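# Provided below for reference: sequence and predicted model.
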Amino acid sequence: MKPKQVYACFNINNEIRMSSSSGGVFSSFAEYVFSNHGVVYGVAMTEDCYSAEFIAVTDKDGLSKLLGSKYLQAKVGNTFKNVRKDLQTGKIVLFTGTGCQINGLKYFLGKDYDNLICVDVICHGVPSPSLWKMYVKYQEEKNGGKLKYINFRCKDNNWNDFGMKKTFKDIYKSEEKQLYISKDQDSYMQMFLRDYCLRPSCYECAAKKVKMSDLTIADFWGIKDIAPEMNDGMGTSLVLVRTNKGQMVFDNVRNTMKVKEVSYEDSIKNNPAEYKSSAKPIERKNFYVDMHNISFEELKI
């Protein structure tokens with residue numbers, strides 16, 4: 001389904017932009033909803049950092065928990081029921097997630113709501129929650145502390161050369177330790193980027209064919225060749241407008257962003273996950289057998 005409009009953009013607030021995975025446009029959408037006394041649903045890490053879950057936030061303080069990518073499957077719980085309750089009371093609701101989660105919510109609701117805004121992220125697949133727990137336990141043992149914070153897409157060095165940034169707290173002292181590992185060196189990120197650890201359905205993703213969101217957001221990979229004036233190394237977002245409602249929301253926040261309209265064909269040259277599923281690696285079957293039978297130290301070799 002070809003979108004109505006396609007934009008390269010980034011938030012003009014550099015603080016917001018640097019706390020986001022790419023250009024910080026999600027914050028603009030969320031603040032629009034807050035200004036209309038609405039509620040935003042998105043994914044946050046749990047307090048113990050062992051899993052991710054959907055939560056609802058109603059202000060900028062809560063929004064910080066939703067910023068940044070979380071590369072693991074999130075627990076939905078009662079989220080769909082809570083979204084329906086909020087919609088029925090007349091609140092504006094912004095729901096953000098993967099394409100399959102957007103479609104799942106729409107099928108659950110069974111009807112359209114004018115006060116529901118759905119934003120999906122271009123997704124190449126979702127890793128196993130069990131693998132993430134193994135990874136966290138391994139890192140905690142290796143670093144002698146409890147994981148208190150994780151940034152999957154730290155771009156302190158450069159947006160294109162991002163890495164995993166973690167904070168560990170010593171279980172016996174109050175000391176904290178920060179650790180940064182490049183995506184090219186981090187074992188979990190390499191397993192994810194090589195598609196070893198995705199859900200079976202991700203290799204045949206139905207949400208690639210049926211898109212029910214109002215807006216789609218992603219990293220604008222290849223921006224340096226498409227619109228070099230939009231590339232400064234701090235992150236640029238790709239926004240695909242799929243519905244009239246999505247266009248209305250975008251138009252209401254575009255003054256918070258630097259924006260350039262681009263063609264759909266150019267926008268997906270380096271982002272094929274918009275329209276096709278990841279190929280299943282031949283190593284995947286043995287990877288999951290090994291995951292349940294050997295230590296993470298052995299698995300990552």
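Arrived safely, thanks for sending.
# so what's K70 closest to, chain neighbours aside?
Spatially, and ignoring its direct neighbours in sequence, K70 is nearest to A52 (4.5 Å; CB to CB, 6 or more residues apart in numbering). No exception for glycine: its C-beta is placed from N, CA and C like everyone else's.
# Tell me the confidence at that neighbour?
pLDDT, A52: 96.
# That one bridge partners, please.
For A52, the beta-bridge partners are M45, A74 (DSSP bridges).
# Can you give me every residue that contacts it?
Neighbour list for A52: 43-46, 70, 72-75, 129 [criterion: CB atoms under 8 Å, 6 or more residues apart in numbering].
# quick one, what contacts the nearest residue to S64 once chain neighbours are set aside?
Leaving aside its sequence neighbours, S64 sits nearest to S19 (CB to CB, 6+ apart; 7.2 Å). Applying CB under 8 Å, 6+ apart, one finds that S19 lies in contact with 64, 67-68.
# Likewise for G68?
Per CB under 8 Å, 6+ apart, neighbours of G68: 19-21, 151-153.
# any low-confidence regions in this structure?
301 (pLDDT under 70).
# Would you map the strands across it?
5-11, 39-45, 52-57, 74-75, 93-98, 116-121, 146-154, 163-169, 176-182, 215-219, 237-241, 257-261 (DSSP state E).
# Could you dump the ones you listed into TSV and include distance to F26?
What follows is the strands of the chain, written out as TSV (distance: least, CB to CB, whole Å):
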stretch	distance to F26
strand 5-11	9
strand 39-45	8
strand 52-57	12
strand 74-75	15
strand 93-98	7
strand 116-121	7
strand 146-154	13
strand 163-169	19
strand 176-182	23
strand 215-219	6
strand 237-241	8
strand 257-261	11
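# Relative to K285, which of those strands is closest?
When the strands of the chain are compared by CB to CB, strand 93-98 sits nearest K285, at 23.8 Å.
# So which elements touch the closest one?
helix 25-35, strand 39-45, helix 79-88, helix 99-109, strand 116-121 (3 or more CB pairs under 8 Å, 6 or more residues apart in numbering; DSSP states H and E).
# since we're on S51, how many residues are nearby?
16 (other CB atoms under 10 Å).
# distance of it from V43?
Distance of S51 to V43, given as CB to CB, to the nearest Å: 10 Å.
# Same question for G90.
Using CB to CB, G90 is found at 25 Å from V43.
# These two - which one has more neighbours?
Counted by other CB under 10 Å, G90 and V43 do not tie: V43 has more neighbours, with 24 against 10.
# What residue, apart from its backbone neighbours, is nearest the more buried one spatially?
Per CB to CB, 6+ apart, closest to V43 is A74, 4.4 Å.
# what sits against that neighbour?
Going by CB under 8 Å, 6+ apart, the list of residues near A74 reads 43, 51-54, 97, 101.
# tell me which of the residues you listed is nearest to S263?
S263 has its nearest neighbour among those in G97, at 26.6 Å by CB to CB.
# Of all the residues in stretch 205-223, which ones are buried?
205, 207-208, 211-223 (16 or more other CB atoms under 10 Å).
# To clarify, my last question referred to stretch 121-134.
Buried residues in stretch 121-134, counted by 16+ other CB under 10 Å: 121-129, 131-134.
# ok, residues contacting it?
Contacts for stretch 121-134 (CB under 8 Å, 6+ apart): 50-52, 69, 71-73, 96-100, 188, 191-192, 195, 197-199, 202-203, 205, 216-218, 238, 271, 273-274, 277-278, 288, 291, 296, 299.
# could you flag which of the residues you listed are buried?
When the contacts of stretch 121-134 are checked for burial by 16+ other CB under 10 Å, the buried set is 50-52, 69, 71-73, 96-100, 188, 191-192, 195, 197-198, 202, 205, 216-218, 238, 271, 273-274, 277-278, 288, 291, 296, 299.
# Now distance to I12 too, for the contacts of A52, in a markdown table please.
Listed next are these as a markdown table, based on distance: CB to CB, whole Å:
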| residue | distance to I12 |
| --- | --- |
| V43 | 25 |
| A44 | 25 |
| M45 | 28 |
| T46 | 32 |
| K70 | 25 |
| L72 | 31 |
| Q73 | 33 |
| A74 | 29 |
| K75 | 34 |
| P129 | 36 |
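# Surely N151 and M164 touch.
Yes - here N151 reaches M164: they are 7.1 Å apart, a contact under CB atoms under 8 Å.
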